[in-house]
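Visitor: Starting from these lines, generate the structure:
(one chain, ligands or ions: 1)
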Amino acid sequence: MADEARGLAVALLNAVLDDGRLLSQAIEDLPPAAPAQRARAQRLALAVLRHLEPADRLLSPHLRKAPPMAVRNILRLAMVEMAALGAPAHGAVNSAVDLARAGPRTRHLAGLVNAVLRKVVPASFDGLPPQRLPMWLRQPLVHLWGREAVSAIEAVQAEAPPLDLTAKPGATAPGEALPTGSFRLADPGQVSALPGYAEGDWWVQDAAAALAVRLLAPQPGERVADLCAAPGGKTLQLAAAGAQVTAVDVSAARLARLHDNLARCRLQAEVVVADLLDWQAGPFDAVLLDAPCSATGTIRRHPDLPFVKDASDLAGLVALQSAMIDRALALLRPGGRMVFCTCSLLPDEGERHLAALLDRHPGVTVERPGIDGIDPHWITEAGALRLRPDYWAARGGMDGFFMVRLRKPAG
Ligand SMILES: C[S@@+](CC[C@H](N)C(=O)[O-])C[C@H]1O[C@@H](n2cnc3c(N)ncnc32)[C@H](O)[C@@H]1O
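Guide: Residues are numbered from 1 along each chain as shown. Okay, here's the model as predicted:
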């Protein structure tokens, strides 16, 4: 009998690698299964996507021609389980053969699966380079930061990331306290079983993502607009600081999670479903714009992204971000402040916007970050924060982000 979680993991890999679907969408379409089996399937699929290249490197000498994708994914799963997850070889190989036998499209190649996997045992990725970034992203980053930095980013992305939590002011959260105030757990298990979850003492938020609100430094009673707010980690931070928050997002479905989190954490915000480009409101004392972007800074959490997305959306996203920056500045009162951020590694979605907006909006100034716990090297010459996945590498890294605090002229 084929192992259920492994079968689901291969279905997820087929959806991402063959059909070009995001893992988050593919999970929705899985056949019914116990939550523990689905969670294990997701963990296995994520591990394979993080090690696809090294797995293929070890497999390819034993394959005269590429087998169909479903068979390749069965082989890759067994390979990654043995070489990266410490699974005993006999279990991983037998399970791969069972999986191949169970599928009408793979049954005739069960013998090949058995023969190839027995040749690669004992498997180890030691000494092999980690999974590389896709070339359209790798090349500009090598040009910008050098080969060593890009290799360091790739090494971080090959590991399962830790879980970061943001605690309400005055509350605490489980895990290691990070210098910037977040908490980090290397191996959290089930999130809802952690202490303080039911009490709403904290929420899940990457340590880099948490810095955008620290940069804005909201004050009690201030009117703050959180633009592009869903699923809402930053809204929760703003509300917890005592600001009067209006959270806007075009996606009602994504905002549903914000409503759940506000209720669990006993926090309040006005939540509006609207297209930011048409939304009329304000003026606000402060605005946070976390614009939609390539999300290239989050590959360590979403290793499916490089297999599903390429640079073809980029020009459209950059144009949308520019329009959003202008709209966000218009919603600010004179003298108000704004943080613009994206979870992108690309200067087109960060540093270049800053240069262009300062040209388009004479009088707007940059305020340099003064956040406890950040490394001064993270601050750019222009006074923005450039956060990279290889920062804090020994602790498990962080999401890549660009963020900058701007001040609108007073009169
Ligand atoms: C990077 S995510 C925001 C993450 C969020 N700030 C947080 O901390 O959880 C970008 C968001 O922009 C929203 N969005 C995209 N286009 C929009 C538009 N025209 N108006 C408002 N929201 C938009 C998406 O629905 C998505 O939720």
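
Visitor: So which residue is smack in the middle of the protein?
Guide: Computing the C-alpha centroid of the chain and ranking residues by C-alpha atoms, centre = their mean puts Thr298 first, at 3.0 Å.

Visitor: Wait, that one touches Thr342, no?
Guide: No - in this structure, Thr298 is not within contact of Thr342 by C-beta atoms under 8 Å, at 10.6 Å. Any C-beta I mention is one placed from the backbone N, CA and C, and that applies to glycine too.

Visitor: got a pLDDT number for the nearest residue in space to Asp18 that is not next to it in sequence?
Guide: Excluding its sequence neighbours, the residue lying closest to Asp18 (C-beta to C-beta, 6 or more residues apart in numbering) is Met69, at 4.5 Å. Predicted confidence (pLDDT) for Met69: 94.

Visitor: Can you get me a residue count around Met69?
Guide: 16 (other C-beta atoms under 10 Å).

Visitor: how many neighbours does the closest residue to the ligand within the stretch 101-250 of the chain have?
Guide: Across the stretch 101-250 of the chain, the shortest distance to the ligand (C-beta to the nearest ligand atom) belongs to Cys228, at 3.3 Å. Neighbour count for Cys228, taken as other C-beta under 10 Å: 23.

Visitor: Quick check: it touching Arg327?
Guide: No - the pair Cys228 / Arg327 is not scored as a contact, 10.8 Å apart, by C-beta under 8 Å.

Visitor: what is in contact with the two at once?
Guide: Here Cys228 and Arg327 have Leu276 as joint contacts, going by C-beta atoms under 8 Å, 6 or more residues apart in numbering.

Visitor: OK, contacts around the residue nearest to Asp18?
Guide: Asn14, Leu17, Asp18 are the contacts of Met69 under C-beta under 8 Å, 6+ apart.

Visitor: Now that we have those residues, which of them are buried?
Guide: The neighbour-count criterion (16 or more other C-beta atoms under 10 Å) marks Asn14, Leu17 among these as buried.

Visitor: Between the contacts of Met69, which sits nearest the ligand?
Guide: Checking the contacts of Met69 one by one against the ligand (C-beta to the nearest ligand atom), the nearest turns out to be Leu17, at 24.9 Å.

Visitor: Isn't the closest one up against Asn73?
Guide: Yes - taking contacts as C-beta under 8 Å, Leu17 lies within contact range of Asn73: 6.6 Å.

Visitor: Can you list the low-confidence ranges for the protein?
Guide: 1-2 (pLDDT under 70).
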